[in-house]
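In: sharing a model prediction with you, sequence too.
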Amino acid sequence: MVAGSAGRCGDRTDRRTATGMGGVSSAGRCGPCPRGGDTFTGPFPSCRFALFLAAAITPFLSNMSVYGPVVKIHPVVVASIVDSYERRNEGASRVIGTLLGTIDKHSVEVTNCFSVPHNESEDEVAVDMEFAKNMYELHRKVSPSEVIIGWYATGYDITEHSVLIHEYYSREAQNPIHLTVDTALQSGKMSVRAYLSAPMGVPGKTVGVMFTPLSVKYVYYDTECIGIELLQKTRTSPSRTNGLTSDLTQVAGSAAQTQEMLSTVLAYIEDVLAGKVTADNSVGRYLMDLVDKVPMIPAEDFETMLNSNINDLLMVTYLTNLTQTQIALNEKLVIM
């Protein structure tokens, strides 16, 4: 299970052996992980140079449109990372884990993740690779379509140990992404950044790797959207708790929200027509797409269809309550 390497600056002589899931270790010594994982010691001088260069150019690259896939992140991934950070071991400065998802031509979609136990110090980092392997095998039984696409770490910056851990994930996935989540809110908010590594140096004598930032986009399923809206309501609750509402309440809330958004759109259109606001072509295209998606139904037919659906919903609710009442009465009669 342990894979080690030794190197020195200059001719960069490496010796590597790997069994099982594998790992990487840098110049110095290789020892067993106290939790049964691999120990990475070092780092290489090349890692220090790579980190220095990445730190120097990352502020400029962050403001550029970097070529690469778009990283789509689901809310459940961010929630899992924050939860693992809150449950971290005493004295641990950060947590790391494996990212799972799917890959297509132009994007990488992160749909799931799990934390991996590890220990860090100034001189070494020990990662439980056997745990990561077993967890991935269990996830494959539940979601065979999800594959390893990279790894995450909490924190704002990329550390020297990140280079070593990323080298291991490079063996498990092609072009793995590295996700950083600022759980300490150093930038004033919980920023999420994604990086892709690229080798740098001269042919035959690679110096190290450079992390280039990627575009991050948040996506969600309909069920995740319901959960997020429910969580947002807890911010205004004194007890920080909130329960599920009935179907009719959800319909009324959605209707009120839709009416509010339509009022905002109408106010914007009126301001543009009156010359108070400069017209934005991108907003106009969005509005045109929205109008085209609305079916051309007469007002009378739409009202009839809506009332019919509401009557069906009320009938189902009535039958459900009637069934629950009858079951409760039957239980009391049996007890008597």
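Out: That came in fine, so what should we check first?
In: against which helices or strands is the helix or strand encompassing residue 248 packed?
Out: Residue 248 is located in helix 247-273, with elements delineated by DSSP states H and E. Packing partners of helix 247-273 (3 or more C-beta pairs under 8 Å, 6 or more residues apart in numbering; DSSP states H and E): helix 281-293, helix 299-335. All C-beta spots, glycine's among them, are computed from the backbone N, C-alpha and C.
In: among these, which is nearest residue 192?
Out: Between residue 192 and the helices and strands packed on helix 247-273, the tightest spacing by C-beta to C-beta is seen for helix 281-293, at 24.7 Å.
In: tell me the mean pLDDT for the closest one?
Out: Mean per-residue pLDDT for helix 281-293: 88.
In: hmm, who's touching it?
Out: Under the contact criterion C-beta atoms under 8 Å, 6 or more residues apart in numbering, helix 281-293 has outside partners 265, 268, 269.
In: would you list the helices and strands packed on helix 247-273 in CSV and tack on mean neighbour count and distance to residue 80?
Out: Shown next, in CSV, are the helices and strands packed on helix 247-273 (neighbours: other C-beta atoms under 10 Å; distance: least, C-beta to C-beta, whole Å):
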stretch, mean neighbour count, distance to residue 80
helix 281-293, 10, 32
helix 299-335, 10, 34
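In: now those in TSV, with distance to residue 92?
Out: TSV is the format used below for those (distance: least, C-beta to C-beta, whole Å):
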stretch	distance to residue 92
helix 281-293	45
helix 299-335	48
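In: tell me which of those helices lies nearest to residue 242.
Out: The minimum distance between residue 242 and the helices and strands packed on helix 247-273 falls on helix 299-335, with 21.7 Å, by C-beta to C-beta.
In: ok now that closest one, how far from the chain's centre?
Out: The offset between the C-alpha centroid of helix 299-335 and the centroid of the whole chain comes to 40 Å, using C-alpha atoms, centre = their mean, to the nearest Å.
In: now for that helix, which elements pack on it?
Out: helix 247-273.
In: beta-bridge partners for the closest residue to residue 118 other than its chain neighbours, please?
Out: Of all residues beyond its chain neighbours, the one nearest residue 118 is residue 127 (4.4 Å), with distances taken as C-beta to C-beta, 6 or more residues apart in numbering. With beta bridges defined as DSSP bridges, residue 127 has these partners: residue 38, residue 118.
In: my guess is residue 127 meets residue 96, correct?
Out: Yes: counting by C-beta atoms under 8 Å, residue 96 is a contact partner of residue 127 at 7.3 Å.
In: look up phi and psi at residue 240.
Out: As for residue 240, its main-chain torsions (degrees, to the nearest 10) stand at phi 60, psi 30.
In: got the contact list for it?
Out: When contacts are taken as C-beta under 8 Å, 6+ apart, residue 240 is in contact with residue 234.
In: please apply the same query to residue 191.
Out: 156, 181, 182.
In: which ones are touching the last one?
Out: The contact partners of residue 182, taken as C-beta under 8 Å, 6+ apart, are 154, 155, 156, 189, 190, 191, 192.
In: just the first one next, same as before
Out: Remark: with contacts taken as C-beta under 8 Å, 6+ apart, residue 156 is in contact with 180, 182, 184, 186, 187, 191.
In: the second one now?
Out: By C-beta under 8 Å, 6+ apart, the contact set of residue 181 is 78, 81, 82, 85, 152, 153, 154, 155, 190, 191, 192.
In: please look at the fifth one and residue 116 and confirm they touch.
Out: No: the pair residue 152 / residue 116 is not scored as a contact, 9.7 Å apart, by C-beta under 8 Å.
In: can you check which residues contact both of those two?
Out: Both residue 152 and residue 116 are in contact with 96, 97, 98, where contact means C-beta under 8 Å, 6+ apart.
In: keep only those of these that are in strands.
Out: For the shared contacts of residue 152 and residue 116, the ones inside strands are 96, 97, 98, with DSSP state E as the criterion.
In: can you pull up the bridge partners for the first one?
Out: Using DSSP bridges, the bridge partners assigned to residue 96 are residue 116, residue 153.
In: ok, and what's touching stretch 256-266?
Out: Stretch 256-266 is contacted from outside by residue 287, using C-beta under 8 Å, 6+ apart.
In: low pLDDT regions in the stretch 101-250 of the chain?
Out: 206 (pLDDT under 70).
In: can you pull the buried residues of the helix holding residue 248?
Out: residue 268 (16 or more other C-beta atoms under 10 Å).
In: give me the number of residues near residue 80?
Out: Around residue 80 sit 17 other residues, with neighbours defined as other C-beta atoms under 10 Å.
In: circling back: could the contacts of residue 156 be laid out in TSV, adding secondary structure?
Out: As requested, those are exported to TSV (DSSP: H, G, I helix; E, B strand; the rest coil):
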residue	secondary structure
180	strand
182	coil
184	coil
186	coil
187	coil
191	coil
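In: what's the closest of those to residue 137?
Out: residue 180 (26.5 Å).
In: for the closest one, list the residues it contacts.
Out: Neighbour list for residue 180: 152, 153, 154, 155, 156, 157, 158, 192, 193, 194, 195 [criterion: C-beta under 8 Å, 6+ apart].
In: let's see it at 6 Å
Out: Contact analysis of residue 180 by C-beta atoms under 6 Å, 6 or more residues apart in numbering lists 153, 155, 193.
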